[in-house]
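# structure for the following, please:
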Amino acid sequence: MIGLDANILVYAHRPDYRLHANAKELIRHMAESLFQWAIPWPCVHEFYAVVTNARIHEQPTSPQDAWAQIDAWRSSPTLTLLGEAHNHAARLRELTVSAHVTAGQVHDARVAAICLDQGVTELVTMDRDFSRFPQLRTRSLLA
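The predicted structure is shown next:
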């Protein structure tokens, strides 16, 4: 199962990003295909936080429009939204200790732990910080 990171969701939603067309096409393809794809819930939260943030965008997305986008993705019958599994603490501990994760880096460790525990075989992201978790294969949107 392929997972999507928050930055891919942001790029797909906001046409003011240079990777908008690439991300939008990727999600369209995944939503219309027959294979399972996934978005970790923390990535949904981060998507919402970024697109509605007036410090980041001159014209931020309204809360209603952000939720409309989330609901549109959720309508794909092949999408699975992922949360923490029963062994999340053990996996998160393993990742944070082995990668010497501190402070805000724990967000990416949380996403990686959720992906690994829930059967994601590859995470599409533009965030190079996931390279600190070699257990999770990543792919760039540009690949």
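
# from the chain's centre, how far out does stretch 122-136 sit?
Stretch 122-136 sits 11 Å away from the centroid of its parent chain (Cα atoms, centre = their mean, to the nearest Å).

# which residues does it contact?
Where contact means Cβ atoms under 8 Å, 6 or more residues apart in numbering, the residues beyond stretch 122-136 that reach it are 2-5, 7-8, 11, 19, 26, 95, 99, 101, 105, 108-109, 111-112, 115-116, 120, 137-142. All C-beta spots, glycine's among them, are computed from the backbone N, C-alpha and C.

# try it again at 7 Å.
Outside of stretch 122-136, the residues within contact range by Cβ atoms under 7 Å, 6 or more residues apart in numbering are 2-5, 7-8, 26, 95, 99, 105, 108, 112, 115-116, 137-141.

# in the protein, what spans have low per-residue confidence?
Nowhere does the chain drop to pLDDT under 70.

# which parts of it are strands?
For the chain, applying DSSP state E gives strands covering 2-4, 37-40, 79-82, 122-124, 138-139.

# sheet partners, orientation included, of the fourth one?
Just to be clear, that refers to strand 122-124. Strand 122-124 has its sheet partners listed here by DSSP bridges as strand 2-4 (parallel), strand 138-139 (parallel).

# how about the second one?
Based on DSSP bridges, the strands next to strand 37-40 in the sheet, each with its direction, are strand 2-4 (parallel), strand 79-82 (parallel).

# which parts of the last one are buried?
By neighbour count with 16 or more other Cβ atoms under 10 Å, strand 79-82 contains the buried residues 79, 82.

# and that strand, how far out from the chain's middle?
On Cα atoms, centre = their mean, the centre of strand 79-82 falls 11 Å from that of its chain.

# got JSON lines for the strands paired with strand 122-124, with mean neighbour count too?
Conversion of those to JSON lines gives the following (neighbours: other Cβ atoms under 10 Å):
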{"stretch": "strand 2-4", "mean neighbour count": "24"}
{"stretch": "strand 138-139", "mean neighbour count": "16"}
